[in-house]
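> based on what follows, work out the 3D shape:
(chains A and B)
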There are 2 protein chains.
Amino acid sequence: METLIKHKKENQFKLIQGNVCAPQGFMASGVHAGFKKKRKDLALIYSKTISSTASVYTQNKVKGAPIQVTKAHSINGRAQAIICNSGNANTCNANGEEIANEVCALVGDALEIKKEDVLVASTGVIGQPLSIEPFKDGMNDLVEQLDEEDGSEAAQAILTTDTDIKEYAVEFELENTTVRLGGISKGSGMIHPNMATMLGFITTDLAIEPELLQITLKEVVKDTFNMISVDGDTSTNDMVTILANGEAGNQLIQSEAEPALQVFKEALHLVCKELAIAIAEDGEGASTLITCNVLEAADKLQAKAIAKQVISSSLVKTAVYGRDANVGRLLCAIGYSDAEFDYHNLDIYLRSENYQSVCVCEEGSTVSFDEVKAFEILGTDRLSIDIYLYEGKSQATAWGCDLTYEYIKINSAYRT
Amino acid sequence: METLIKHKKENQFKLIQGNVCAPQGFMASGVHAGFKKKRKDLALIYSKTISSTASVYTQNKVKGAPIQVTKAHSINGRAQAIICNSGNANTCNANGEEIANEVCALVGDALEIKKEDVLVASTGVIGQPLSIEPFKDGMNDLVEQLDEEDGSEAAQAILTTDTDIKEYAVEFELENTTVRLGGISKGSGMIHPNMATMLGFITTDLAIEPELLQITLKEVVKDTFNMISVDGDTSTNDMVTILANGEAGNQLIQSEAEPALQVFKEALHLVCKELAIAIAEDGEGASTLITCNVLEAADKLQAKAIAKQVISSSLVKTAVYGRDANVGRLLCAIGYSDAEFDYHNLDIYLRSENYQSVCVCEEGSTVSFDEVKAFEILGTDRLSIDIYLYEGKSQATAWGCDLTYEYIKINSAYRT
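Numbering: from 1, shown residues only, chains lettered A, B, ... in the order given. Okay, here's the model as predicted:
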């Protein structure tokens, strides 16, 4: 089981309080600028020194204007600040890129840095005109309130339908240097593998070349942020961005062969995984986090395809909500994944947080099982579905949530 | 618009009452045999003479036992009866194929035909043992009640969560011979392009070689049954089967070049389209049929990919339920389809049954529109979303439904 296997590795990474401000040399703030009615809606993350940067973006062909501008500003692999508003996605607006550029210029002026060193993100309703005024109104407070200690205001300001902030930070040793890595994320609906209305901002005081940072981030996102789904909708504005300012003082990581890169990659995997799980767990209307582990698979792609399909199935998601151990729906979802496999071999277990488990399918056929125990396990806040293929040594994990009345309520009247 | 374009062609096909019994030489019946608590759950369709037959099946890798048996029995392109139970899918049961074979033998004995000329289908809960007893108990009544006039008992007996029977029949002239074509279908949840818990049984008195029947059915299903989605779940048991017994007395259709084949294909398209739309319209918990027309596309595949993605999006489906003209969600869904296109060109119209329409997006950007009118249009029972790509002359249509509280209610407690 993934949790068990990973456990040993995770010990070398010490969980610490905080988020994007945990690494040295970073500050953050969040204010209410007027995109939303009352709640905070404008966040700023700032590094005192210029940082290496890397980003991954939505694969939706309709891309938000901020993504185009952030791509352009990341081209040299360097950045110093990230500005993000919530409440309006600035997507499919005729003057969207113009506005996004203007926002970067405002931030550049206020922080006395180049506008090209500012990255921009937006999340919220698509296709509504976005005015520059709230950015102007909020900028003074935003810069004044930049805080070295506490990034939770920024974590608040990037939320939309999320019910809570999402943050995670770790500390680890790299050749006698202490390095910190922290992040915040948001996302609740329109969440599907390959990014989603999902934002992740990660900071670290590691010294690393931007090319290596990009390669590492891309690989890690494949197994973390891209393995969650709330509703199968891939948003236009998703992005995960990391800033690495080198303030930890480690020897600059310059090649893929360095052992330090592997340690950093594992730390980044842990942070991204926890930030991604927080999104799935806070899925719109969700009451249960569903973790699907596909084990003993022929290869990783096969395992991923099946894990993703299971957590994406509306019928599996409603069955979990109803605490119904509906094996047929599990087998059905496994069967329409893209993976090739022989379903006559597979076993399925349902497992709760406290490692209670029940086998519901053996060699592709349903077996009689303790329905009371299954009902109890399905009532857990964190349900695992373990699928053993017995075809090889690969495995993959995907995270999703149940589908509830509350999801319909939230989304049938989102814009109006 | 597809409806307008197709209208002329449809005039040559006269809508007639009835379904699988409309063509000459067919009988049908439906009884309560005990798979379900009260409602009818066993259907029989019988041709007095041996028929050409063709079928298409689910693409789910986990396939129901009845599908394996029907495939084996169809191998010579001939069949004479179809037996179908509802309430139990006979899938993922260790002795599933044995039971399905036994069912065919029972029918063969009762009708005095070869068991290899009997096709079998099942729909309902997956992974529950299926006993032969209800088939034995119901067989006498089923055969005694075979009716030449009225197939509605059979149409009833194949339903699961459907709220109403689905039937359609047409009559058309083929070189001075009157030919009839009729069908029944079922499906309400676990419905997604590439078949679904969806059954279609079609009969015709046309004389046609089985190979041509297979080619024609396969092509027609691609544009009809495979263009609907209710919840993105592709079932294990789907099949569409046609029997053609030649009783109309037309000259046997033997080659693809014959003009008569084209006429038949159009009639089959019409019947399959109406049976498929009936499924989408009766989607679990649905209040609105959503038709997505993609127009002026570069090619058919592009148009199909976009149309399917739009009707499959949970966020589009909940927005329609909430009567929210949420253009952003439409653009987002269009954007994450597999199709390649330039979204900067596209226009989107919302259109009601009575051809009221409102333009909500021009050249890829949202435009201000009459919100009251849009709200009215979204309140229609049959909503059309017309997407103009302006890239070529191809078009495609997909059908779906809104996502409502009722869907959650039905599916969170289906098995228990």
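> drop to CA atoms for contacts and neighbour counts, all remaining ones
Will do.
> per-residue pLDDT, residue A:313?
As predicted, residue A:313 sits at a pLDDT of 88.
> next one: residue A:7
We have a pLDDT of 42 for residue A:7.
> wait, a helix at residue A:51?
No. Using DSSP: H, G, I helix; E, B strand; the rest coil, the assignment for residue A:51 is strand, not a helix.
> list the residues that contact it.
By CA atoms under 8 Å, 6 or more residues apart in numbering or on different chains, the residues touching residue A:51 are A:78, A:79, A:80, A:243, A:244, A:245, A:246.
> looking at the residues you listed, state which has the most neighbours.
residue A:243 (31 neighbours; other CA atoms under 10 Å in any protein chain shown).
> returning to what we had before: turn the contacts of residue A:51 into TSV, including pLDDT and secondary structure.
As requested, the contacts of residue A:51 are exported to TSV (pLDDT from 0 to 100; DSSP: H, G, I helix; E, B strand; the rest coil):
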residue	pLDDT	secondary structure
A:78	97	strand
A:79	98	strand
A:80	98	strand
A:243	97	strand
A:244	97	strand
A:245	97	coil
A:246	96	coil
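> now, which of the residues you listed sits nearest residue B:112?
Residue B:112 lies nearest to residue A:243 out of those, by CA to CA, at 77.4 Å.
> was I right about that closest one contacting residue A:204?
Yes. In this structure residue A:243 lies within contact range of residue A:204 using CA atoms under 8 Å: 6.4 Å.
> most distant residue from the middle of chain A?
Going by CA atoms, centre = their mean, the residue of chain A most distant from its centre is residue A:368, 37.6 Å out.
> how much space between residue A:34 and chain B?
Distance of residue A:34 to chain B, computed by CA to the nearest CA, to the nearest Å: 21 Å.
> what's the neighbour count on that residue?
By other CA under 10 Å, the residues close to residue A:34 number 19.
> tell me the SS of it?
Put simply, residue A:34 is coil when judged by three-state DSSP.
> just to check, it is in contact with residue A:131?
No. Between residue A:34 and residue A:131 there is no contact under CA under 8 Å: 10.2 Å.
> isn't residue A:183 up against residue A:271?
Yes. Applying CA under 8 Å as the test, residue A:183 and residue A:271 come out as touching, 7.1 Å apart.
> which of the two has more neighbours?
Each of residue A:183 and residue A:271 had its neighbours counted (other CA under 10 Å), and the higher figure belongs to residue A:183 (30 against 26).
> wasn't that one part of a helix?
No. The assignment for residue A:183 by three-state DSSP gives strand, which leaves it out of any helix.
> return the set of residues that bridge with the closest residue to it other than its chain neighbours.
Leaving aside its sequence neighbours, residue A:183 sits nearest to residue A:202 (CA to CA, 6 or more residues apart in numbering or on different chains; 4.0 Å). Beta-bridge partners for residue A:202, by DSSP bridges, are residue A:183, residue A:242.
> ok, so what distance separates the residue farthest from the centre of chain A from chain B?
Taking CA to the nearest CA, one finds residue A:368 at 9 Å from chain B.
> how far does stretch A:148-156 sit from its chain's centre?
18 Å (CA atoms, centre = their mean, to the nearest Å).
> give me the mean pLDDT for that stretch.
Mean pLDDT, computed over stretch A:148-156, is 95.
> buried residues in the helix ranked longest in chain A?
The longest helix of chain A (DSSP state H) is helix A:259-281. For helix A:259-281, the buried set under the neighbour-count rule, 16 or more other CA atoms under 10 Å in any protein chain shown, comprises A:260-261, A:263-281.
> before we move on, what about stretch A:393-401?
Buried residues in stretch A:393-401, counting neighbours by 16+ other CA under 10 Å, are found at A:394, A:395, A:396, A:397, A:398, A:399, A:400, A:401.
> and the two most separated of the residues you listed?
A:394 and A:401 (23.9 Å).
> all strands of the stretch 201-350 of chain A, in order?
For the stretch 201-350 of chain A, the strands defined by DSSP state E, counting those that start in this stretch occupy A:239-244, A:289-297, A:347-351.
> below-threshold pLDDT in the stretch 251-400 of chain A: ranges please.
For the stretch 251-400 of chain A, no stretch is flagged by pLDDT under 70.
> which residues touch the residue nearest to residue A:183?
A:20, A:181, A:182, A:183, A:184, A:240, A:241, A:242, A:243.
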